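>>> from the sequence below, what's the structure:
(chains A and B, ligands or ions: 2)
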Amino acid sequence: MLCSQSTRDDLETTDVLIAGVGGQGILLASEILARVCLRAGYDVKKSEVHGMAQRGGSVTSHVRFGKKIYSPLIEKGRAEILLAFEKLEALRWIYFLRSGGTVIVNDHRIDPITVSSGSATYPDDIIERLRERTADVNLVDGIGIAIRAGDLRTVNVVLLGFLSEFLPINADLWRGVIGETVPQKTVDMNLGAFEKGRELVCLTKRSCP
Amino acid sequence: MIEFLSGNEAIARGAFEAGVRVATAYPGTPSTEILENIAKYDGIQAQWSPNEKVALEVAIGASLAGARALVAMKHVGLNVAADPLMTISYVGPKGGLVVISADDPGMHSSQNEQDNRYYAKFAGVPMLEPSDSQEAKDFVRSAFEISSEFATPVLVRMTTRVCHSKGVVRLGETCNSPSMGYEKDVRKNVMVPAHARLRHLALEERRKRLEEYAERSPLNRTQMGDLSLGIITSGVAYQYSKEVFPDASFLKLGLTNPIPKGIIQRFAEKVARILVIEELEPFLEEQIRALGIEVVGKERIPRVGELSPDTIRSAILSSVAYSENPSSSLPARPPVLCPGCPHRGVFYVLRKLKFTVTGDIGCYTLAALPPLNAMDTCICMGASIGAALGMEKALGPEISGKTVAVIGDSTFIHSGITGLIDAVYNRSNITIIILDNNTTAMTGHQDHPGTGRTLKGEPTVSLDLEALARAVGLRSVRIVDPYDLDATEKAIREEVLKDRPSVIIARHPCVLLTKERYPTPKVDTEVCTGCKLCLRLGCPAISISEGKAEVDPFLCNGCGICAQVCRVHAMISGRT
Ligand code: SF4
Ligand code: SF4
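Ligands and ions are numbered 1, 2, ... in the order given. I've put the predicted structure just below:
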């Protein structure tokens, strides 16, 4: 039931950029994605930066998969998908997306210190500006869905569920990796969150066969 | 068996496969995870040392005792460890000795982006540059083979993007390398001038043998493709170059000191044009030019910052798919001190007092940024104390009334102790604030000699900072809780006025480690005047909404500092 598979052409390599704020669970999300791709038989590379960037700063993780991957870094203007955990971070990293690529953005605002301290203003036209780059902008109420799934902290798995509909990988591989990666007690809840994210694509976005 | 490993995890696996017995390090981004992962292998004695110099010395001792030893550090750590490195190169290890240098092109988490490949030349030791996780693992094993065969330390030069990128790694078997045992050999191991002169000759003879080895080493690979373009490259730059020029001919150097002159010459004869693509300095380029080979290098490839496929593409092809970067106009999102970080109160007070603050390296360096703006200098590990002392010597003793040095506990143990001794010895009046949060926070909360735990999690003696300060001659040593702003301010005001050096230990454990939490303060919106004074704390949990302060209960840890700052008592702390 990969209802959106047809939107991808047969690229040799698929690049997914995950962006957000340090502490939002970006590194766990990219780890799950990378392992799913690995299990699907692709060569995979993933790159991120540790240390200073994690103290509430802007964080990205590059995930690339395909037949054979050389560079661990995505090139600007070439990412197939930008998955952003926060709106301002979506806009900050949109220039990595190829024109016509897919943006999945969590409908969540976290003020950076420059905004909360009053020296800068949080833009109010983020979605419009994202649309200038691509028509395929998907705003996801990740937090609302996560709370309905049972815990705010499942928001990254909700977003991965949504993302999974845009990648040519069997959902069972996702379920398997999520089951192995999240804490044992939370497996059912996270699998539920994953399904809710998947369903949302078909409900809101596309007409499924 | 295959695994999905970061470069650092792969180095650890390589150490295991190579039969390493002793591994040491001081934490430093991007190298930290190497030792954290090595520590998981029961058969390896793994430890944090107080600094990189000691770490290398311990590894040297292990290697002279006949065991295979590995030491890991970030690039600037090798500056600290340079002293033993230069001379162990003369002595030569008995068991293998491998030094991992993790450079940080682009300075993701460092004070400079020096290119440590020059250390290999400087010390006369062979150097390997892995380009991905698989090579990181395999090259550690090769490095030990070279180390054993040529009785030389070997430098493995990693970079941030190799350390922190993950890739597929095919695992190997572990080899059994029993310790060869210690044997006394004074002429080789005691570097007095008469012995060292002979060892320098031995080093030169080794250099020649390594030059021959470079020509047959499987670490250097030639891949002939389109002969109109030949690329000579090393490290992660190889991966980027393959992405941009998939059809070109490649000479990928895995062993970059000494360079294989013959292989390079033969490669140059076959291709029409040569590009040298390397990160940072023209290390390979200058040596290749010295062979009389014409190349294109740093006149096109940036010498500053890290490379990426984009930078290479735009430097060489000037046809970038999409280079416009709209993000520069967006509100920046710099890293900040965590909500409830115990360092915050100290810097708020220092800013309020308008003091000159010589700073140091750790999370607290973030206090240099707005809105705290509470740091004047940051040079290298431990420099805060010497810098404050130097300012006092230059400007006269009066300035010690409004100057303090600020240094974290781990950094103090790393290289602040000698500065403190200098301040006492040279009759200074400066005040030193040790921010004691009982961990090495910046790099991800590693233990150190003050925490009472080893890398392997065993309990151990914990260094007593007060007793140490007194032992070196300090008469004014006091402890404050930086969650108490009044007490902190009082201590600072009093100590700076004393006619002798003082140490204030601002002691409170890192909240990210303890997960300490209190109820969120309540803002009385009737009382709050919207003066924004609390915003000067730079706490990410505080913002202004409709003219009044607002606290985000998810972020706030309830430390209560904002309530202490508020002049009209509009914030009511939940802490009692
Ligand atoms: S990790 Fe600890 S020391 Fe570092 S900013 Fe956070 S609370 Fe402060
Ligand atoms: S109590 Fe105040 S200063 Fe402390 S974390 Fe909460 S909002 Fe920040």
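
>>> so the residue nearest the centre of chain A, which state does it fall into?
Centroid-nearest residue in chain A: A:Leu83, 2.9 Å away (criterion: CA atoms, centre = their mean). Assigned with DSSP: H, G, I helix; E, B strand; the rest coil, A:Leu83 falls in the strand class.

>>> which residues touch it?
Residues in contact with A:Leu83 (CB atoms under 8 Å, 6 or more residues apart in numbering or on different chains) are A:Val16, A:Leu17, A:Ile18, A:Ala19, A:Ala29, A:Ile104, A:Leu159, A:Leu163. From N, CA and C alone the C-beta is placed, and that goes for glycine too.

>>> repeat that for 7 Å
Shown in contact with A:Leu83 (CB atoms under 7 Å, 6 or more residues apart in numbering or on different chains): A:Val16, A:Ile18, A:Ile104, A:Leu159, A:Leu163.

>>> isn't B:Ile561 up against B:His343?
No: B:Ile561 lies out of contact with B:His343 (CB atoms under 7 Å); the separation is 10.8 Å.

>>> just confirm yes or no for the one helix or strand in chain A whose mean pLDDT sits lowest near ligand 2.
Ranked by mean pLDDT, DSSP states H and E, the weakest helix or strand in chain A is helix A:113-116, scoring a mean of 90. No: for helix A:113-116, no contact with ligand 2 is found by CB under 6 Å from any ligand atom; the gap never falls below 10.6 Å.

>>> could I have the CA atoms of that helix written out in PDB?
Output of helix A:113-116 as PDB, limited to C-alpha atoms (Å, rounded to 0.1, in the frame of the first residue of the first chain):
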ATOM      1  CA  ILE A 113      17.200  32.300  22.200                       C
ATOM      2  CA  THR A 114      17.500  35.100  19.700                       C
ATOM      3  CA  VAL A 115      13.700  35.200  19.400                       C
ATOM      4  CA  SER A 116      12.800  34.600  23.100                       C
END
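
>>> close to ligand 1, is it?
No: Helix A:113-116 lies apart from ligand 1 when judged by CB under 6 Å from any ligand atom; the minimum separation is 12.6 Å.

>>> tell me what that helix is packed against?
In terms of contacts (3 or more CB pairs under 7 Å, 6 or more residues apart in numbering or on different chains; DSSP states H and E), helix A:113-116 is packed against no helix or strand at all.

>>> who touches that helix?
By CB under 7 Å, 6+ apart, helix A:113-116 touches A:Ala120, A:Thr121, A:Tyr122, B:Pro331, B:Ala332, B:Pro334, B:Val336, B:Gly538, B:Pro540, B:Ile542, B:Ser543.

>>> what ranges do the strands span in the stretch 451-576 of chain B?
In the stretch 451-576 of chain B, strands defined by DSSP state E, counting those that start in this stretch lie at B:476-480, B:502-507, B:522-523, B:542-545, B:548-551, B:571-572, listed in chain order.

>>> closest one to chain A among those strands?
Nearest to chain A, of all the strands of the stretch 451-576 of chain B, is strand B:542-545, at 3.7 Å by CB to the nearest CB.

>>> pLDDT on the closest one, on average?
Summarised as a single mean, pLDDT over strand B:542-545 is 91.

>>> dump that strand to PDB, restricted to CA.
Included here for strand B:542-545 are C-alpha records, laid out as PDB according to Å, rounded to 0.1, in the frame of the first residue of the first chain:
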ATOM      1  CA  ILE B 542      11.900  32.100  29.500                       C
ATOM      2  CA  SER B 543      10.300  34.300  26.900                       C
ATOM      3  CA  ILE B 544       8.100  37.400  26.800                       C
ATOM      4  CA  SER B 545       4.500  36.900  25.700                       C
END
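
>>> does that strand come close to ligand 2?
Yes: Strand B:542-545 is in contact with ligand 2 by CB under 6 Å from any ligand atom, via B:Ile542.

>>> what's the distance between B:Phe31 and B:His195?
Check again: residue B:31 is Ser, not Phe. B:Ser31 sits 33 Å away from B:His195, going by CB to CB, to the nearest Å.

>>> now do A:Val115
Relative to B:His195, A:Val115 is positioned 64 Å away (CB to CB).

>>> list the buried residues in stretch B:49-63.
Judged by neighbour count using 16 or more other CB atoms under 10 Å in any protein chain shown, the buried positions of stretch B:49-63 are B:49-60, B:62-63.

>>> using CSV, lay out these together with secondary structure.
Formatted as CSV, the buried residues of stretch B:49-63 follow (three-state DSSP):
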residue, secondary structure
B:Ser49, coil
B:Pro50, coil
B:Asn51, coil
B:Glu52, helix
B:Lys53, helix
B:Val54, helix
B:Ala55, helix
B:Leu56, helix
B:Glu57, helix
B:Val58, helix
B:Ala59, helix
B:Ile60, helix
B:Ala62, helix
B:Ser63, helix
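
>>> could I get the full set of strands for chain A?
Per DSSP state E, chain A carries strands over the ranges A:13-21, A:43-48, A:58-66, A:79-84, A:97-106, A:136-140.

>>> deepest-packed of those, please.
strand A:79-84 (a mean of 26; mean count of other CB atoms under 10 Å in any protein chain shown).

>>> what does the stretch 201-350 of chain B have sitting close to ligand 2?
Residues of the stretch 201-350 of chain B lying close to ligand 2 (CB under 6 Å from any ligand atom) are B:Pro339, B:Gly340.

>>> same question for chain B.
B:339-340, B:521, B:537, B:539, B:541-542, B:551, B:556-562.

>>> drop anything exposed from these.
By 16+ other CB under 10 Å, the residues of chain B next to ligand 2 give B:339-340, B:521, B:537, B:539, B:541-542, B:551, B:556-562 as buried.
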